[in-house]
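Trainee: Sequence plus the predicted model coming up.
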Amino acid sequence: MGLIMLPILKSYSRIIARRAKLLFAIMSLVSLSSCGFQPVYKAANKDALPQIHINPINSVAGAELYHHLSDLIGNSEGASYKLDIKISYSSSPLAITKSSDVVQQSAAQAVIYRLIDESGKEVTSGSFTISGSYNTTSSAYATHAEERQESLNLATKAAEEIHRRLIIYFHATRK
């Protein structure tokens, strides 16, 4: 008799666990809506972003940032806003062996952006630094390839950060 009850208890505990998860999800939604929570990625913000023209950025990492940001927000010629972006890249030794060989480098990409409206007035701007690291080897080519890939990864992260900041800016100005 005890062996027959075990499968019934397991299925009953699964049902209780599912109901507890559902109750938690419903309570979370109720508590978020009652505190005035509004999603930032709503349709009103999406309408403002395609009105931005991104000016070209002169570097390989700049081109990566430009293309990734264009994919995220669009890039139109007859736009209401122009986005100027400047980036600079630096790297420095992070891990050095006892024999003075550098085995890991830290990389940083400083970004400065300005959003300018049709009248030429700067409406928002900001700066930030994205950092990362890459391994070095005795092969100069392999180290260069690692550094270039890290530079491209930092540019992609920078594009996503600018995208987030623009969404926040347009969300705040539409209230």
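Mentor: Ah, there it is.
Trainee: Can you give me the domain assignment for the protein?
Mentor: Domain assignment of the chain by automatic domain parsing yields the ranges 1-37, 43-173.
Trainee: what ranges do the helices span in the chain?
Mentor: Here the chain has its helices, by DSSP state H, at 2-34, 43-48, 60-73, 140-173.
Trainee: among these, which is the most enclosed?
Mentor: Each of the helices of the chain was assessed for mean neighbour count using mean count of other C-beta atoms under 10 Å. The highest is helix 60-73, with a mean of 18. Just so you know, the C-beta spots here come from the backbone N, C-alpha and C atoms, and that holds for glycine as well.
Trainee: Check whether Val111 really touches Leu83, as I assumed.
Mentor: No - in this structure, Val111 sits apart from Leu83 without contact. The criterion is C-beta atoms under 8 Å, and the distance is 11.6 Å.
Trainee: So for these two, which residues contact both of them?
Mentor: Ile162 (C-beta atoms under 8 Å, 6 or more residues apart in numbering).
Trainee: quick revisit: quick one: which of the helices of the chain has the weakest pLDDT on average?
Mentor: Ranked by mean pLDDT, those end with helix 43-48 at the bottom, a mean of 50.
Trainee: With distance to Val103 added, can I get the helices of the chain in TSV?
Mentor: What follows is these, written out as TSV (distance: least, C-beta to C-beta, whole Å):
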stretch	distance to Val103
helix 2-34	45
helix 43-48	44
helix 60-73	23
helix 140-173	10
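Trainee: between these, which gets nearest to Ser100?
Mentor: Nearest to Ser100, of all those, is helix 140-173, at 15.6 Å by C-beta to C-beta.
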